[in-house]
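**Student:** Sequence plus predicted model, see below.
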Amino acid sequence: MNEIETKIPSSVEPEENAGNVIYADHPLCVALVTTGKLRPADADRALRLKENQQSDESIGNILLQLGLISDQDLAQTLSQLNGIPVLEKKSYPDFASLDERISSNFLKQHRVVVYHDEEDEVHAILVDPTDHYVVDALELITGKSIRLHIGIASEIEEALQEQLIEAKKRSGEYDDEGLEHQLSFQDDVEQLKELASEAPVIKLVNQVIQRAVATNASDIHIEPFENTLKIRYRVDGLLRETEHPSAQMAPALISRVKIMANLNIAERRLPQDGRFKVRIMGNTLDLRVSTVPTLHGESMVLRLLQRDEQALDFKTLGFEPATESRLLEILDKPHGIVVVTGPTGSGKTTTLYAGLNHLNRPEKKILTVEDPVEYNIEGVNQIQVKPGIGLTFANALRSIVRQDPDIIMIGEIRDQETAKIAVQSALTGHLVLSSLHTNDAAGSITRFIDMGVEPFLLTSTVNAVLAQRLVRNLCPQCKQSYTPPVEILNRFKAEGLDDNKPLLFYHAVGCEACGGSGYSGRSAIIELLELSEEMRSLILQGRDKNALAACAKREGTLSMYQDGLIKVARGITTLEEVLRVTKEN
């Protein structure tokens, strides 16, 4: 895996017991650390780098360049410390003609927008108002006092680019065909490689990834069409469309990502898969890259996997206390199979990792077989499937049962061979965790039988099946309450979910904090089917999934729909969200 991040010289890397904490003397670093936006070790690392290089650059800009914080976090923190409000790009005034004495290179290097040249003062928008070198330089050049405004780094860069283009248009130097001419060599691999390594393309890729992190996106979709290049982000399970770079940028943009993922940029006829690691906005990300050829070029999807501070516990995932308690009891059994089921994107893998996190103890040997390994867990031996060299799920499982494991996690049971090995492992005293693609919990039993597993083996090995979906959480800052209609109240009473208390529901409204969607984050709605003696009897009789589901309901198992209604009544999500993800049930 390639690692794309700013390298810090070894001479300035903080040692575990190296002297005193040095960030304590810098108010900006203290504020960022206190609010959890910067780790203490990273603060000291940036300050040591500044001292080592004897740089005049502000510590805020150094933290940005190292990818340790986001530009929004820096702007907000500096605003609070200095009492200067953050000026968003949409509020930037019209640009005045630049003073010829101010070099455009100076403005770009230090990220400063200068405007509205009045008689006695000049307004300047900059990333860090405490950067005295920049302020003094502007005062010296203009001979006037400087009124400071704080701007977001990425928006200042966009404004400078627009300002430069406008200046060139006025002077007649700007050529609208320039970029298309530059990209006309897209079929030449060497030219494409050079183009992908140029600053504008690198900056665009970095901005796309940074925006995805800022919006908590799980995927980035880069899709070329005939006349446009679409970049969309999957946020809380739904795609959001944002910027539209020129369609001519597609080859260079996609080639840049392929270089980062160590893929073949000359191969554009076949799908490719790769991955790379990047540190941005203070987080370490693993990015999985997938490309497929389409009519207008290669379509690319990047899956973002946060490696730092993952919340791998059932409470954070949205499990109700009673469901969590039952599941933990099932996981603590010494052997058997626990299956998590649901469609793609329903959070199955995250739930499996939460289970492993609960079981991960020094006295237990845990082995996993995954495709791909999404999160690294300390103390767990994780195997990446590689079908190209013959390392399939089945082949890997045959080997790991000889590694004396206590617990085995199989990323997905896809075929008869893998299913039979999983059953055999459970019969020989192992606890097996896995996922399966079915619509509900009862359907998993019939799926196993369809794959050729004998019913008597299922009744002896399967402890429980957990079916789940993900619903979007209401944004706490803008949700609005309302009293539901009588027919909905009657439905809740029929489901036994009213607790004789007045029900209050909430609407999704939308605000700046949630990007106008009305939702922020997701929770799992769960159906936990624990095999009882009656269910085992029904399986041996060859009864279908409807009979199993009816039996589970008689025994008090909550369906995903009912679990979703509980979250509606608690103000976590909306009734529309629950119906959206459970309508097939």
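**Tutor:** Right, received. Where do you want to start?
**Student:** so what's the closest residue to K333 other than its chain neighbours up against?
**Tutor:** Excluding the flanking residues, the one nearest K333 by C-beta to C-beta, 6 or more residues apart in numbering is N463, at 5.9 Å. Every residue, glycine included, has its C-beta placed from N, CA and C. Applying C-beta atoms under 8 Å, 6 or more residues apart in numbering, we find N463 in contact with 330, 333, 336-338, 530-531.
**Student:** What score does N463 have for pLDDT?
**Tutor:** pLDDT, N463: 95.
**Student:** Which of the helices or strands spans it?
**Tutor:** Per DSSP states H and E, N463 falls inside strand 462-474.
**Student:** Return the set of buried residues in that strand.
**Tutor:** Within strand 462-474, the residues that count as buried by 16 or more other C-beta atoms under 10 Å are 462-474.
**Student:** OK, contacts around the residue nearest to the spatial centre of the chain?
**Tutor:** The centroid of the chain falls nearest to S218 when counting by C-alpha atoms, centre = their mean (3.6 Å). Applying C-beta under 8 Å, 6+ apart to S218 gives the contacts 234-235, 237, 303-304.
**Student:** where does the stretch 451-585 of the chain have low pLDDT?
**Tutor:** 496-502, 584-585 (pLDDT under 70).
**Student:** where do the helices sit along it?
**Tutor:** 455-461, 486-494, 533-540, 545-554, 560-569, 575-582 (DSSP state H, counting those that start in this stretch).
**Student:** helix/strand/coil for the closest residue to A354 other than its chain neighbours?
**Tutor:** Nearest-residue entry for A354: L312, 4.7 Å, with adjacent residues in sequence omitted and distances by C-beta to C-beta, 6+ apart. Using DSSP: H, G, I helix; E, B strand; the rest coil as the criterion, the local structure at L312 reads coil.
**Student:** same thing with P362?
**Tutor:** P362 ends up coil, using three-state DSSP.
**Student:** would T438 count as being in a helix?
**Tutor:** No - judged by three-state DSSP, T438 forms no part of a helix; its state is coil.
**Student:** show me what contacts V509?
**Tutor:** 475, 478-480, 518.
**Student:** what about it, distance to K479?
**Tutor:** 6 Å (C-beta to C-beta, to the nearest Å).
**Student:** Can you check which residues contact both of the two?
**Tutor:** G518.
**Student:** quick revisit: next, format the helices of the stretch 451-585 of the chain as a markdown table and append distance to L436 and mean neighbour count.
**Tutor:** Shown next, in a markdown table, are the helices of the stretch 451-585 of the chain (distance: least, C-beta to C-beta, whole Å; neighbours: other C-beta atoms under 10 Å):
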| stretch | distance to L436 | mean neighbour count |
| --- | --- | --- |
| helix 455-461 | 12 | 17 |
| helix 486-494 | 31 | 13 |
| helix 533-540 | 16 | 16 |
| helix 545-554 | 13 | 16 |
| helix 560-569 | 15 | 22 |
| helix 575-582 | 18 | 19 |
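**Student:** I22: how many residues sit nearby?
**Tutor:** A count of neighbours around I22, defined by other C-beta atoms under 10 Å, yields 17.
**Student:** for the stretch 251-400 of the chain, which spans come out with low pLDDT?
**Tutor:** Residues of the stretch 251-400 of the chain meeting the criterion pLDDT under 70: 281-283, 307-311.
**Student:** can you pull out the helices in it?
**Tutor:** In the stretch 251-400 of the chain, the helices defined using DSSP H, counting those that start in this stretch lie at 314-317, 321-331, 348-359, 393-400.
**Student:** Can you say which of those is packed in most?
**Tutor:** helix 348-359 (a mean of 21; mean count of other C-beta atoms under 10 Å).
**Student:** What's opposite M409 in the beta bridge?
**Tutor:** T368, L433 (DSSP bridges).
**Student:** Next, the contact list for it, please.
**Tutor:** Contacts of M409 by C-beta under 8 Å, 6+ apart are 352, 355-356, 366-370, 432-434.
**Student:** again, but for I445
**Tutor:** 458, 462, 465, 539, 545, 548.
**Student:** In JSON lines, list those along with distance to Q207.
**Tutor:** JSON lines is the format used below for those (distance: C-beta to C-beta, whole Å):
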{"residue": "L458", "distance to Q207": "51"}
{"residue": "V462", "distance to Q207": "48"}
{"residue": "V465", "distance to Q207": "43"}
{"residue": "I539", "distance to Q207": "54"}
{"residue": "K545", "distance to Q207": "48"}
{"residue": "L548", "distance to Q207": "51"}
